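Student: sequence and predicted model, in that order:
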Amino acid sequence: MKQSDILATEKQLGYISESANALKIAEENKGRKLTASVVTFGCQMNARDSEKLAGILVSAGFELLEDTEDADFVLYNTCTVRDNANQKLYGHLGEVHSRKKKNPEMMVGICGCLPQEPSAFERLKKSYSFVDLIFGTHNLYAFPEYLSRLLSGERHIYEIMDHSDNIVEDLPVLRKYPFKSGVNIMFGCNNFCTYCIVPHVRGRERSRESADILAEIKKLADSGVKEVMLLGQNVNSYGNGLADEISFPELLKRTCDVPGIERVRFMTSHPKDLSDELIKTIKENDKICRHLHLPLQSGSTKVLKEMNRRYTKEQYIDLALKIRNEIPDLAMTTDIMVGFPGETAADVDDTIDVINKVKYDNAFTFIYSKRMGTPAAVREDQVPETLVKESFDRVLKVVQDTAKEQSLRWQGQVLDALVEEENSSMDGYVTGRLSNNMIVHFEGCKEMIGNIVPVRLDECRGFYYMGSRA
Ligand code: SAH
Ligand code: SF4
Ligand code: F3S
């Protein structure tokens with residue numbers, strides 16, 4: 001770790017102590033503990049960031065609530081990848097505003113990707129001035145400082161930075177699950193797909209040093225974590241820009257070697273630089289989960305070029321089928337976008353053709369959403385809504401049909417499941433996750449949570465299985 005990162009960490013730890021002192025006084029005044037709730041939107045990176053925010057809140061002395069209803073402090077960790085993510089937040093803000101009118105002492109914070117986008121930040125400042133704290137992705141690590149200022153009575157703390165100076169990773173974390181954890185291996189993105197706002201709100205790609213990553217994984221394993229998910233917008237370019245760094249496959253191998261780690265996942269792999277070395281590494285390491293998320297976006301070479309994805313339809317199909325062939329028990333999932341500017345019915349046919357050839361185990365299908373500041377947003381050939389809807393339905397049908405067929409292929413097999421939770425709707429049942437990322441429900445008890453157990457997959461019900469202990 002860089003000296004400046006160590007110093008920044010120490011400074012923030014100091015702010016946590018200051019917050020704890022301020023909170024004690026507030027508790028004495030109120031005669032009860034103060035409560036906080038973190039609401040998370042968006043991807044796994046945000047989920048991981050929220051664990052850090054929650055860790056800081058709890059270290060300062062807040063009682064953490066699942067629900068925002070009774071919280072003294074509500075913090076929204078936001079996403080802006082599509083407009084519906086923004087709309088969701090504005091909906092929540094409407095609700096929380098009416099609560100704050102009744103209880104002016106409550107505090108509201110917004111952080112993450114959304115305020116990092118200038119027009120959204122302006123809108124928040126102008127129309128949501130009841131919000132007490134706003135910060136972005138580059139200064140997330142400074143949350144202890146903002147919290148301490150908030151607790152000493154300051155309001156309207158609105159701080160957005162346009163780049164990151166530090167990688168501060170040693171602050172307290174409150175993990176959602178004791179037995180599995182995400183681990184950031186890199187931040188930001190350099191790919192600039194022409195529709196995507198992520199590089200604009202998360203900044204340039206920066207890898208963490210492998211020694212720091214592996215030390216974190218060792219610490220996690222020592223505290224009972226069995227499964228880690230290595231997180232980055234494009235994990236295949238891990239190590240670029242760092243001197244003497246190891247490749248992503250090598251990082252995977254070293255992660256598998258950490259005592260106590262039994263499963264390793266990663267997210268996300270960009271098809272343009274997925275190496276043979278990675279395929280070989282997955283194949284040769286049983287601990288690496290049999291699941292690959294390989295975002296397609298579009299099956300049309302013309303659209304892919306305009307998206308700046310840097311692969312053709314044929315290159316993608318060759319890669320996907322090579323992986324299917326090398327690792328037959330691997331489940332492949334993808335992201336597909338419909339309605340990119342200029343997309344024709346023939347382009348959508350190409351997307352459907354790829355789905356039919358690759359036969360994804362599951363796919364997330366999105367309608368293209370115009371993002372301010374991205375090159376695709378200013379194109380004049382935006383696709384009319386009715387056509388997009390029609391294409392979306394066509395794509396979704398093929399995705400569902402092929403995924404159903406794929407899901408069936410595990411029927412009758414005995415596979416290891418990591419038990420994640422008690423089943424909320426069936427008494428006496430637990431829910432486990434297979435290496436291929438499918439879910440299985442089977443009879444069990446809460447003592448099994450966190451254990452890996454063999455399960456027979458008895459009955460496929462669409463995207464999940466009903467099973468029994470084998
Ligand atoms: N880094 C990952 C994607 C992160 S965003 C990758 O390149 O694979 C997750 C998904 O959101 C993307 O794969 C894409 O399908 C979708 N997405 C991104 N920008 C979008 C936009 N403007 N409109 C609709 N979907 C979008
Ligand atoms: Fe967005 Fe493309 Fe980067 Fe993924 S690789 S985060 S889609 S710019
Ligand atoms: Fe959303 Fe930010 Fe993730 S925009 S998808 S939360 S990186």
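Tutor: Structure received. Ligands and ions are numbered 1, 2, ... in the order given.
Student: so where does residue 189 fall, helix or strand?
Tutor: Assigned by DSSP states H and E, residue 189 falls within no helix or strand.
Student: for it, give me its contacts.
Tutor: Applying Cβ atoms under 8 Å, 6 or more residues apart in numbering to residue 189 gives the contacts 196, 198-199, 202, 204-205, 233-234. Bear in mind the C-beta positions are built from the backbone N, C-alpha and C, glycine included.
Student: how near is it to ligand 3?
Tutor: 8 Å (Cβ to the nearest ligand atom, to the nearest Å).
Student: close to ligand 3: what parts of the stretch 351-470 of the chain are there?
Tutor: Neighbours of ligand 3 within the stretch 351-470 of the chain, by Cβ under 6 Å from any ligand atom: none found.
Student: how about the helices of the stretch 351-470 of the chain, start to end?
Tutor: Secondary structure of the stretch 351-470 of the chain (DSSP state H, counting those that start in this stretch): helices located at 385-407.
Student: re the thing from before, mind checking which of the contacts of residue 189 are buried?
Tutor: By neighbour count, with 16 or more other Cβ atoms under 10 Å, the contacts of residue 189 hold 196, 198-199, 202, 205, 233-234 as buried.
Student: of the residues you listed, which is the nearest to residue 58?
Tutor: residue 202 (25.6 Å; Cβ to Cβ).
Student: buried residues in the one helix or strand residue 251 maps to, which are they?
Tutor: For residue 251, the element it lies in under DSSP H and E is helix 248-256. Residues 248-249, 251-253, 255-256 are the ones in helix 248-256 that count as buried (16+ other Cβ under 10 Å).
Student: can I get the residues you listed in TSV including pLDDT and distance to residue 109?
Tutor: As requested, the buried residues of helix 248-256 are exported to TSV (pLDDT from 0 to 100; distance: Cβ to Cβ, whole Å):
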residue	pLDDT	distance to residue 109
248	97	34
249	97	39
251	97	34
252	98	36
253	98	40
255	98	33
256	98	38
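Student: would you format the residues you listed as JSON lines with distance to ligand 1 included?
Tutor: JSON lines is the format used below for these (distance: Cβ to the nearest ligand atom, whole Å):
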{"residue": "248", "distance to ligand 1": "14"}
{"residue": "249", "distance to ligand 1": "18"}
{"residue": "251", "distance to ligand 1": "18"}
{"residue": "252", "distance to ligand 1": "18"}
{"residue": "253", "distance to ligand 1": "23"}
{"residue": "255", "distance to ligand 1": "20"}
{"residue": "256", "distance to ligand 1": "23"}
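Student: what is the nearest of the residues you listed to ligand 2?
Tutor: The closest of those to ligand 2 turns out to be residue 248 (Cβ to the nearest ligand atom; 14.6 Å).
Student: number of nearby residues for the nearest residue in space to the closest one that is not next to it in sequence?
Tutor: Of all residues not flanking residue 248 in the chain, residue 238 sits nearest, at 4.0 Å (Cβ to Cβ, 6 or more residues apart in numbering). Burial of residue 238 is recorded as 25 neighbouring residues (other Cβ atoms under 10 Å).
Student: need phi/psi at the closest residue to ligand 3 within the chain.
Tutor: Closest to ligand 3 within the chain is residue 42: 2.6 Å, counting by Cβ to the nearest ligand atom. The phi/psi pair for residue 42 (degrees, to the nearest 10) reads phi 90, psi -150.
Student: what sits closest to it if chain neighbours are left out?
Tutor: Per Cβ to Cβ, 6+ apart, closest to residue 42 is residue 79, 2.8 Å.
Student: and the one you found, what does it touch?
Tutor: Going by Cβ under 8 Å, 6+ apart, residue 79 touches 41-43, 46, 85, 112-114.
Student: and residue 82, by the same measure?
Tutor: With the criterion set at Cβ under 8 Å, 6+ apart, residue 82 makes contact with 366-367, 369, 371.
Student: residue 271 now?
Tutor: By Cβ under 8 Å, 6+ apart, the neighbours of residue 271 are 294-296, 309, 311, 315-316, 319-320.
Student: redo these as JSON lines? Include secondary structure and neighbour count.
Tutor: Listed next are those as JSON lines, based on DSSP: H, G, I helix; E, B strand; the rest coil; neighbours: other Cβ atoms under 10 Å:
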{"residue": "294", "secondary structure": "coil", "neighbour count": "19"}
{"residue": "295", "secondary structure": "coil", "neighbour count": "19"}
{"residue": "296", "secondary structure": "coil", "neighbour count": "24"}
{"residue": "309", "secondary structure": "coil", "neighbour count": "23"}
{"residue": "311", "secondary structure": "coil", "neighbour count": "20"}
{"residue": "315", "secondary structure": "helix", "neighbour count": "15"}
{"residue": "316", "secondary structure": "helix", "neighbour count": "25"}
{"residue": "319", "secondary structure": "helix", "neighbour count": "18"}
{"residue": "320", "secondary structure": "helix", "neighbour count": "22"}
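Student: which of these sits closest to residue 96?
Tutor: Nearest to residue 96 out of the contacts of residue 271 is residue 295 (Cβ to Cβ; 33.4 Å).
Student: check the secondary structure at the closest residue to the closest one other than its chain neighbours for me.
Tutor: Counting by Cβ to Cβ, 6+ apart, residue 335 is the residue found nearest to residue 295 once chain neighbours are left out, at 4.1 Å. Three-state call for residue 335 (DSSP: H, G, I helix; E, B strand; the rest coil): strand.
Student: over to residue 100?
Tutor: helix.
Student: follow-up on the earlier one: restricting to C-alpha, output the helix holding residue 251 in CSV.
Tutor: Provided in CSV are the C-alpha atoms of helix 248-256 (Å, rounded to 0.1, in the frame of the first residue of the first chain):
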residue,chain,number,x,y,z
PHE,A,248,-5.8,-11.9,-13.7
PRO,A,249,-5.5,-15.7,-14.1
GLU,A,250,-2.5,-15.7,-11.8
LEU,A,251,-4.4,-13.7,-9.3
LEU,A,252,-7.2,-16.3,-9.5
LYS,A,253,-4.7,-19.1,-8.9
ARG,A,254,-3.2,-17.4,-5.9
THR,A,255,-6.7,-16.7,-4.5
CYS,A,256,-7.5,-20.4,-4.7
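Student: tell me which other helices or strands it touches.
Tutor: helix 210-222, strand 227-231, strand 263-267, helix 276-284 (3 or more Cβ pairs under 8 Å, 6 or more residues apart in numbering; DSSP states H and E).
Student: check which helices and strands the last one sits against.
Tutor: When you say that, I think you mean helix 276-284. Packing contacts for helix 276-284, counted by 3+ Cβ pairs under 8 Å, 6+ apart, involve helix 248-256, helix 313-326.
Student: residue contacts, the residue of the chain closest to ligand 3?
Tutor: Residue 42 makes contact with 77-79, 81, 85, 112-113, according to Cβ under 8 Å, 6+ apart.
Student: repeat that with 7 Å
Tutor: Shown in contact with residue 42 (Cβ atoms under 7 Å, 6 or more residues apart in numbering): 79, 81, 85, 113.
Student: backbone dihedrals for the first one, please?
Tutor: Just to be clear, that refers to residue 79. Here is the backbone geometry of residue 79 (degrees, to the nearest 10): phi -130, psi 150.
Student: quick check, stretch 26-40 touching ligand 3?
Tutor: No: using Cβ under 6 Å from any ligand atom, stretch 26-40 stays clear of ligand 3, with a minimum separation of 8.7 Å.
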